[in-house]
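Colleague: Quick one: sequence plus predicted model below, questions after.
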Amino acid sequence: MKKSHLILFLFIIVKFFLQYFLVSPEYDLQRDEYLHLDQGNHLAWGYLSVPPVSSWISWLIKMLGDSVFWVKFFPALFGALTMVVVWKAIEELKGGLFACVLASLGLLFSSLLRLNMLYQPNSLDVLSWTSFFYILIKYVNTENSKWLYWGGIIFGIGVLNKYNIAFLALGFIPALLITKQRRIFTNPHLYGSAILALLIILPNLIWQYQNGFPVIHHMKELSESQLVNVSRLDFLKSQFLFFIGVTFVIVFGFYALLFYRSFEKFRFFFLGYVITISLFLFFKAKDYYAIGIYPIYIGFGSVYLENILKNGWPRFLKPVCILLPLLLFVPVYNLAFPNKSPESMVKNPEAYKKFGLLRWEDGKDHPLPQDFADMLGWKELAQKVDKEYSRLSKSGNTLVLCDNYGQAGAINYYSKEGIKAVSFNADYINWFDLSKKYKNLIRIKNRSEDELKETGPFFEYAVIADSVTNPYARESGTTIFSFEGAKIDIRKRIQEEIVEIKGRN
């Protein structure tokens with residue numbers, strides 16, 4: 001095995017090790033992960049909030065045993081593959097081992113560790129952006145049209161994973177048109193690759209059309225409930241922190257794209273970055289939407305630094321460049337990962353507050369970072385619902401109806417009773433089984449006021465069975481209501497509410 005390949009393999013091993021051991025065992029999976037996992041039980045060409053690729057991976061996880069090991073495996077794999085693609089891009093740019101190692105350290109000890117910690121479409125999104133950029137570099141170097149078709153495939157899969165990759169096209173098409181590389185638009189194979197990408201995306205477009213383009217409603221809802229609280233200044237600050245250990249490498253990459261003769265034909269990458277980030281700012285996007293654009297610029301910067309540090313006294317700066325990602329990762333390690341107990345974080349909130357980590361999507365500060373609070377209380381909820389479900393099911397069919405997708409997904413994932421909880425929230429509104437009559441109802445509510453008064457009259461018995469007691473969980477106080485012996489066929493009321501909610505959307 002070549003020395004370079006051995007070193008890359010070691011980076012991959014370290015990557016997987018860190019992804020499995022950065023999370024303290026007292027934390028559960030995160031809210032969004034449960035929804036994505038449950039989509040694997042309801043395969044379709046689209047969902048209300050995401051395209052279908054994550055559901056295919058969820059189905060595979062289910063086939064592999066549905067364990068937390070496999071849930072963590074795939075985002076870690078996509079993170080490792082991102083390092084591999086950047087390594088190959090550096091080799092394509094004529095970079096050597098120093099450049100490859102510097103870039104890999106920058107990627108390894110970065111925000112990608114946190115991103116790859118969660119089973120969400122974001123990890124594959126970053127890999128899709130990086131792979132597309134690598135293919136673009138290959139095409140510019142070789143002008144071999146096969147790379148255009150590979151680009152079409154990667155872009156199509158990227159769209160089926162997360163629509164966010166559309167910003168790549170919106171940013172880089174104008175960048176190409178402005179520079180000498182505009183001649184790519186005279187190549188008929190470009191349009192063949194665009195048709196190939198469209199064919200890959202087409203089943204999802206048909207699904208969107210058949211379902212009234214729910215992505216538009218989702219984006220509107222996201223804009224009104226979350227993006228409205230996004231600060232453009234905070235967005236820009238975050239861009240410097242995502243790859244803090246190699247921010248200087250990215251800056252050198254920008255400089256090289258403008259002034260380094262060997263990168264003259266890649267100058268459109270600089271313009272592409274400027275336009276893409278400007279679009280993210282204009283639409284008040286969440287800061288992490290832009291993470292996928294950076295790995296390739298770390299590659300450009302590493303190659304340039306290797307070139308200017310190869311002779312004379314500057315070569316003694318190489319060890320400093322290598323050490324910086326490691327040294328600057330230490331404070332990040334202490335803040336960005338759920339590797340401390342909630343009690344410890346609550347007792348020492350100063351650093352978290354200083355970097356805005358306690359601010360949730362509602363724009364307010366809370367005791368824990370939102371992602372961490374969203375990783376607590378789920379097993380407790382599922383176990384308590386299981387207990388009540390086991391009791392009620394002896395007397396007849398029991399429906400478990402939740403307030404949100406996190407509750408429904410967590411119950412379905414952890415349940416030992418085979419519960420198929422549903423909700424009027426997110427994709428669960430399409431997953432009700434109304435083919436059977438229900439005698440009992442377990443209602444999971446974020447707020448408990450008036451539920452017994454409103455729903456109790458339709459059942460013979462109504463009680464509060466239990467609640468989530470973990471004080472640090474975002475779901476703390478979530479109440480489990482138990483309704484036994486339905487006096488009516490509750491399916492009619494459920495169907496009416498489904499129709500009403502879908503009508504509003």
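Modeller: Yep, that arrived.

Colleague: from here on, contacts and neighbour counts on C-alpha atoms
Modeller: OK.

Colleague: in stretch 131-151, what counts as buried?
Modeller: Along stretch 131-151, these residues count as buried under the neighbour rule (16 or more other C-alpha atoms under 10 Å): 131-140, 145-151.

Colleague: so of those residues, which ones are in helices?
Modeller: When DSSP state H is applied, the buried residues of stretch 131-151 are split such that 131-140, 146-151 fall in helices.

Colleague: Would you tell me which helix is longest in the chain?
Modeller: Longest helix in the chain, counting by DSSP H: helix 68-92.

Colleague: So which elements touch whichever helix or strand comes after it?
Modeller: For helix 68-92, the following helix or strand on the C-terminal side (DSSP states H and E) is helix 97-108. Packing partners of helix 97-108 (3 or more C-alpha pairs under 8 Å, 6 or more residues apart in numbering; DSSP states H and E): helix 3-21, helix 68-92, helix 295-308, helix 318-335.

Colleague: Now do the buried residues in the third one.
Modeller: The neighbour-count criterion (16+ other C-alpha under 10 Å) identifies 295-307 as the buried residues of helix 295-308.

Colleague: ditto for the longest one
Modeller: Neighbour counts using 16+ other C-alpha under 10 Å place 70-91 of helix 68-92 among the buried residues.

Colleague: And the contacts of the helix or strand residue 444 falls within?
Modeller: In the assignment (DSSP H and E), residue 444 maps to strand 440-445. For strand 440-445, the surrounding residues in contact (C-alpha atoms under 8 Å, 6 or more residues apart in numbering) are 385, 388-389, 392-393, 396-403, 407, 478-486.

Colleague: Give the buried subset of these as a ChimeraX selection command.
Modeller: For the buried members of these, the matching ChimeraX selection, counting by 16+ other C-alpha under 10 Å, is:
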select :385,388,389,392,393,398,399,400,401,402,403,407,478,479,480,481,482,483,484,485,486
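
Colleague: Just the ones in helices from the contacts of strand 440-445, please.
Modeller: 385, 388, 389, 392, 407.

Colleague: May I see the residues you listed arranged in a markdown table, with distance to residue 466 and pLDDT as well?
Modeller: Formatted as a markdown table, these follow (distance: C-alpha to C-alpha, whole Å; pLDDT from 0 to 100):
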| residue | distance to residue 466 | pLDDT |
| --- | --- | --- |
| 385 | 8 | 95 |
| 388 | 9 | 94 |
| 389 | 12 | 94 |
| 392 | 14 | 91 |
| 407 | 14 | 96 |
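
Colleague: quick check, nearest of those to residue 206?
Modeller: residue 407 (30.1 Å; C-alpha to C-alpha).

Colleague: Thought residue 378 was touching the closest one, still the case?
Modeller: Yes - in this structure, residue 407 is within contact of residue 378 by C-alpha atoms under 8 Å, at 7.3 Å.

Colleague: residue contacts, the residue nearest the centre of the chain?
Modeller: Per C-alpha atoms, centre = their mean, the C-alpha nearest to the average position across the chain is that of residue 122, at 3.0 Å. Contact analysis of residue 122 by C-alpha under 8 Å, 6+ apart lists 115, 116, 162.

Colleague: most neighbours, which of those?
Modeller: Neighbour counts for the contacts of residue 122, by other C-alpha atoms under 10 Å, peak at residue 116, which reaches 26 neighbours.

Colleague: Surely that one and residue 18 touch.
Modeller: No - applying C-alpha under 8 Å as the test, residue 116 and residue 18 come out as separate, 10.1 Å apart.

Colleague: In three-state terms, label residue 43 for me.
Modeller: coil (DSSP: H, G, I helix; E, B strand; the rest coil).

Colleague: Need the phi and psi values for the residue nearest to it when sequence neighbours are not counted.
Modeller: Distances taken as C-alpha to C-alpha, 6 or more residues apart in numbering put residue 55 closest to residue 43, at 6.3 Å, once the chain neighbours are dropped. Main-chain torsions, residue 55, degrees, to the nearest 10: phi -70, psi -30.

Colleague: Kindly format the C-alpha coordinates of stretch 491-505 as CSV.
Modeller: Provided in CSV are the C-alpha atoms of stretch 491-505 (Å, rounded to 0.1, in the frame of the first residue of the first chain):
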residue,chain,number,x,y,z
ARG,A,491,-61.8,7.6,12.9
LYS,A,492,-64.4,10.1,11.6
ARG,A,493,-63.1,12.9,13.8
ILE,A,494,-59.5,12.0,12.8
GLN,A,495,-60.3,12.1,9.1
GLU,A,496,-62.1,15.4,9.4
GLU,A,497,-59.0,16.9,11.1
ILE,A,498,-56.7,15.5,8.5
VAL,A,499,-58.8,17.1,5.7
GLU,A,500,-58.9,20.4,7.6
ILE,A,501,-55.1,20.5,8.2
LYS,A,502,-54.3,19.5,4.6
GLY,A,503,-56.8,22.2,3.4
ARG,A,504,-54.9,24.8,5.3
ASN,A,505,-51.7,23.7,3.7
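
Colleague: Could you pull out the buried residues of that stretch?
Modeller: Across stretch 491-505, burial judged by 16+ other C-alpha under 10 Å covers 491, 498.

Colleague: Can you give the contact residues for that stretch?
Modeller: Here stretch 491-505 has contacts from 214, 217, 424, 429, 434, 437, 438, using C-alpha under 8 Å, 6+ apart.

Colleague: Now do it, average pLDDT.
Modeller: Mean per-residue pLDDT for stretch 491-505: 84.

Colleague: Just to check, residue 389 is in contact with residue 398?
Modeller: Yes - using C-alpha under 8 Å, residue 389 makes contact with residue 398 at a distance of 7.1 Å.

Colleague: Start from the N-terminal end of the stretch 401-505 of the chain and give the helices.
Modeller: All helices of the stretch 401-505 of the chain, identified by DSSP state H, counting those that start in this stretch, fall at 405-414, 451-455, 490-504.

Colleague: Centre of the chain to the shortest one, how far?
Modeller: This means helix 451-455. 37 Å (C-alpha atoms, centre = their mean, to the nearest Å).

Colleague: That one - what's its average pLDDT?
Modeller: Across helix 451-455, pLDDT averages out at 88.

Colleague: Name the residues that touch that helix?
Modeller: Residues from elsewhere that reach helix 451-455 (C-alpha under 8 Å, 6+ apart): 462, 463, 481.

Colleague: low-confidence ranges in the protein?
Modeller: 1, 218, 221-230, 505 (pLDDT under 70).

Colleague: got a list of what residue 272 touches?
Modeller: Taking C-alpha under 8 Å, 6+ apart as the test, what residue 272 contacts is 171, 172, 173, 174, 175, 176.

Colleague: Tell me the spacing between it and residue 203.
Modeller: 29 Å (C-alpha to C-alpha, to the nearest Å).

Colleague: now swap in residue 31 and tell me
Modeller: From residue 31 over to residue 203 (counting by C-alpha to C-alpha), the distance is 28 Å.

Colleague: Comparing these two, which shows the higher neighbour count?
Modeller: When neighbours are counted by other C-alpha under 10 Å, residue 31 and residue 203 differ, and residue 31 comes out ahead with 24 against 16.

Colleague: I figured residue 235 hits residue 289, correct?
Modeller: No - counting by C-alpha under 8 Å, residue 289 is not a contact partner of residue 235; they are 9.9 Å apart.

Colleague: the more surrounded of those two?
Modeller: Each of residue 235 and residue 289 has its neighbours counted (other C-alpha under 10 Å); residue 235 has more, 20 against 17.

Colleague: Which is the succeeding secondary structure element to the helix or strand containing that one?
Modeller: Element membership of residue 235 [criterion: DSSP H and E] is helix 232-241. Once the chain leaves helix 232-241, the next helix or strand it forms, by DSSP H and E, is helix 247-259.

Colleague: Just checking the distance from the longest helix of the chain to the centre of its chain.
Modeller: 14 Å.
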